[in-house]
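Undergrad: Predicted model and sequence below, questions to follow.
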Amino acid sequence: MKRYLMTFLAAFMAFHCMGTSLPSQVDSHDIASLHAWGPYSKRYAGISHIPDMSKGIRFDFSVMPGYYRNRQLVPHVLFESSYYPWEINPEVNRITYRYELEWKDKVYTDVTYYVLDDNRTLVGIHCVNNTGMPQNLVLNQMAYIDYPETYPQVTATGASRLQWYNAIDYMENESVRKSPQYSLVYDGWRRNEERTASSLDGSILGRGFGRSEGDRLSYQVKILPDQENGAIGIRFKVKKGENAVLQLKGLVEQSVTLKGTGEFSFVSVLYQNKKAGEYKLELISGSTVEIGLDGFFIGSADDISNVKVVRTPIPFTPAMEVGKNKKDFILKYKDCENYYGVAWNHQHSEVREILNGELESFFRRKVHDHVSSRLVGDRKWHYTNAFLRPVVLEPDSEQTIYMLVCTGDKEQVQQELQSFHSTPDKLIAQVKSTEGAKSKDKVLPGGEKYLLGNRLLQASLLSNIVYPVYTQKEYIRHFTPGKNWNSLYTWDSGFIALGLIDVDPAKAFECIKAYTTPVGSESAFIHHGTPLPIQMYAYADLWNNSLSRETLEFLYPRLKQFFNFMVGNDPYSTTRMKGSGLLRTWDYFYNSGGWDDYPPQHARGGNKLVTPVVTSAYYLRAAKILRLAAKELGLKKDMKEYEQVIGRLSNALQTYSWDEESGYFGYVLHDSLENAKEILRYKDRSNFNKGLDGVTPLTAGICSPDQVNRLVGHLFSPDELWTKVGISTVDQSAPYYKVDGYWNGAVWFPHQWVMWKTLLDLGKGEEAYRVAHTALDNWEKECAASYFTFEHFIISSGRGAGWHQFSGLSSPILNWFAAYYKPGKVSTGFEVWITKSEFNNNNSGYKADISFDDSTKAHERCMIVCMDAGYKYEVLFNGKSVKSRSDHPGMLEITLPATNKTGELIIRALN
């Protein structure tokens, strides 16, 4: 693990080189180790540049190959469009997409974006003809700008001498009726926040504010010198025909009536004889009418009376200068201080403008209009088009064309374009040298057959990054499960973080951190979707892979806050049933385990008095993980708190949820006092929870030997959960099993990864190997056939399905590949805690200090260590030989003795 630790530390050193504070000192949710250039577009695949993180504006550049005057590809990121993330390095500064013009690999274009520095990206367009016929290709390059979905399209004129306070920038926001979301606002927004392009800043305070008399906001405001007598100008919106009352306290003591027009209006409130300085201003609802507050101005009454809010459409059309040689152009967008330049080295070209909102149908319809310099459609957007044609490829030939995309002030851009034209070989030689020297991670010989699938998934993972995503009053770059989902996804991103551990640990840390908040925040964590504790599982794996104490200490209090809310320790959390103590999260999301159409979840019909198993079981394991972290950090009081949760949830699951008849744990029905009544059953009275939810207590480590045998038996029975493509979500023998569902009738990887870790904890290494390699084999087969990285596999066909460039819940493939085939990698279950880990230089020797989760009775556990493939090994624990086996050279599956005592593990070569 020494190699992994060095990679992790080197990534953190890069923060210092960029002048960024240590991650432990940063509360931003951005993936800050990324470059200004990256694959961030939400429209068309290519390279994007972020001129100013705070604005949410993005410049995009996309290469669109095609056949000249024939089929034109438009690589839209929101549907299948014949492009494939092909290879992306962990630094995300070498990004390759493959464009298939004739399937499969007969005629194609590989486009590589080489990020040279903050100002320049070189684009290599490698065109290949593997047919016996000549091919005429065309390359259309599109340059354009994009804006956030709710970018303000109004501005206030006459407000230069006024102070503006946005309504969401409150000090306090106390509603009379506190919803379950009071301490967990969805998407990390502010309480009552709404996003709208009709506001001055993009956000207003609404969403029910004012429906209860007494809803209160407070602000810290400042009276400037010469403004001792002035006014507060409040911009608000109330439903047409209704009137709301707002009481002002602090700076002024006055009540005003807000007359509803359905549109934003101003009301002005005077203040007098106030000394310059800071004041508290409270806005309190004096009625039961909802109010939308954009914010307020403070300053002179005359200035406020002269404020006008005018419409400002998005200025997406740039000023454009085309070079004399017509092989480059310079763009200047109104909302960007910098300029953009594009240059190319193909002789036959033209610069065109396209005026239409979308390209996927309009541009393809215009493919035969190769004469016009302006293609005019609905004029809802502007694209600057470098039209390179034709690119003639002889039979069985290839050709590479280069382009430069750059940014800076106008003089810088001009110099870069001139340099590209005069000495293009310098830049080309620079990237070719990096291509030749690019490092390839060693893999054990048995893993070479999985390299394509692993590479494609890494490329999907590192291309599924979007900007802007809005959270916590900032625009961020963020990993998504796929470009189809333009938002944060809590549990998916836990698996993304796990996958990143085996790609770039620094990004894994940032991905975990993105979902945590400082202690005391009004949102306990960043929540979107299924609220399972996968970030805590990733936290444990990140520790075992990096041994970074700084990371352990920084994330711990944030994850503890996350945990406390989800187990009902927060006073505003509604997760814990008052009677049984079991957990349910229906107030926060409809989906308990990410499995959308899981039968009992789907059938509960909104009944909040039903508890699933997975929430209690997974948070039980999270409690044990955080207890181990607290132990490492010397936090004895915290350890006792976790032990109380462990005891409570263990007892509740065993008492109320175990169904002896079926051998599954079941959903539990409760009465109105939240006391457990009975297990939820299907209409034939069978357990309604025959599926992955019903076996999750295995993960918690609370099952008796008999329960373990029965639950593992379900997992590997071909009549129940085991299939030719892995573990089914729903028991195939259950009357509610379907062959055509989304999760029901399909195999997904996330819960399989949890079961894989669990099997290692149970000492069942051979079964764990079977789970991982069934997934790896099917994944590789599908990737080789389709080049797609799918969401799941349909059991009836064995083929991949769902989103075609998915990486979120499919990321366990990266972990399984690394676990069994990357020398220098150590993998464990949840119950092994590593405190020292070191390989020798050629991975033929390994030493580690290991401790165990002693909240579970001592038992055998397995771990996997990848060594050099050229040796046979012996394994010692505390000086005594222990069992090990190898399914292929270099991979050791070690069975640790049944103990909870800390020990030293030594692996040494025998020859």
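TA: Perfect, thanks for sending it. Numbers count the residues shown, from 1 in each chain.
Undergrad: Could you use CA atoms for every contact and neighbour count after this?
TA: OK.
Undergrad: Distance check, the residue of the chain most remote from its centre against Phe236.
TA: The outermost residue of the chain relative to its centre, with distances by Cα atoms, centre = their mean, is Asn273 at 51.8 Å. When distance is defined by Cα to Cα, to the nearest Å, Asn273 is 26 Å away from Phe236.
Undergrad: And for Thr789?
TA: From Thr789 to Phe236 the distance is 47 Å (Cα to Cα).
Undergrad: okay, those two: which has more neighbours?
TA: Neighbours per residue (other Cα atoms under 10 Å) separate Thr789 from Phe236, with Thr789 holding more: 30 against 25.
Undergrad: That one contacts Ser460, doesn't it?
TA: Yes - in terms of Cα atoms under 8 Å, Thr789 counts as a neighbour of Ser460; the distance is 7.3 Å.
Undergrad: which residues does the residue farthest from the centre of the chain contact?
TA: 228-229 (Cα atoms under 8 Å, 6 or more residues apart in numbering).
Undergrad: where does it land in three-state SS?
TA: What DSSP: H, G, I helix; E, B strand; the rest coil gives for Asn273 is coil.
Undergrad: Repeat that for Ser198.
TA: coil.
Undergrad: Quick check, it in contact with Val154.
TA: Yes - between Ser198 and Val154 there is a contact at 6.1 Å, judged by Cα under 8 Å.
Undergrad: Asn778 versus Ser373, what's the distance?
TA: Using Cα to Cα, Ser373 is found at 49 Å from Asn778.
Undergrad: How about Ala524?
TA: On the measure of Cα to Cα, Ala524 and Asn778 end up 39 Å apart.
Undergrad: try Arg120
TA: 40 Å.
Undergrad: and what of Ile679?
TA: Counting by Cα to Cα - Ile679 and Asn778 are separated by 36 Å.
Undergrad: Looking at those two, which is more packed in?
TA: Comparing Ile679 with Asn778 by neighbour count (other Cα under 10 Å), the higher total belongs to Ile679, at 23 against 19.
Undergrad: right, and the more buried one touches Asn689 too?
TA: No - the pair Ile679 / Asn689 is not scored as a contact, 9.2 Å apart, by Cα under 8 Å.
Undergrad: Give the residues shared as contacts by those two.
TA: 666-667.
Undergrad: Kindly list the longest helix within this structure.
TA: helix 765-786 (DSSP state H).
Undergrad: Give the other helices and strands that that one contacts.
TA: Helix 765-786 sits against helix 451-463, strand 726-727, helix 750-761, helix 812-821, with contacts defined as 3 or more Cα pairs under 8 Å, 6 or more residues apart in numbering; DSSP states H and E.
Undergrad: What residues of it count as buried?
TA: By 16 or more other Cα atoms under 10 Å, the buried positions in helix 765-786 come out as 765, 767-769, 771-773, 775-776, 778-783.
Undergrad: Mind checking the pLDDT average for that helix?
TA: For helix 765-786, mean pLDDT is 98.
Undergrad: Can you give me the domain assignment for the chain?
TA: 36-145+316-439, 154-311, 567-717, 826-909 (automatic domain parsing).
Undergrad: Can I get those in a markdown table including distance to Leu559?
TA: A markdown table is the format used below for these (distance: least, Cα to Cα, whole Å):
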| stretch | distance to Leu559 |
| --- | --- |
| domain 36-145+316-439 | 26 |
| domain 154-311 | 14 |
| domain 567-717 | 8 |
| domain 826-909 | 17 |
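Undergrad: With mean pLDDT and distance to Phe749 as added columns, please give those in CSV.
TA: CSV is the format used below for those (pLDDT from 0 to 100; distance: least, Cα to Cα, whole Å):
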stretch, mean pLDDT, distance to Phe749
domain 36-145+316-439, 95, 21
domain 154-311, 96, 25
domain 567-717, 97, 12
domain 826-909, 97, 16
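Undergrad: just so I know, which of those domains lies nearest Ser796?
TA: Set against Ser796 and scored by Cα to Cα, the domains of the chain come closest in domain 567-717, at 16.5 Å.
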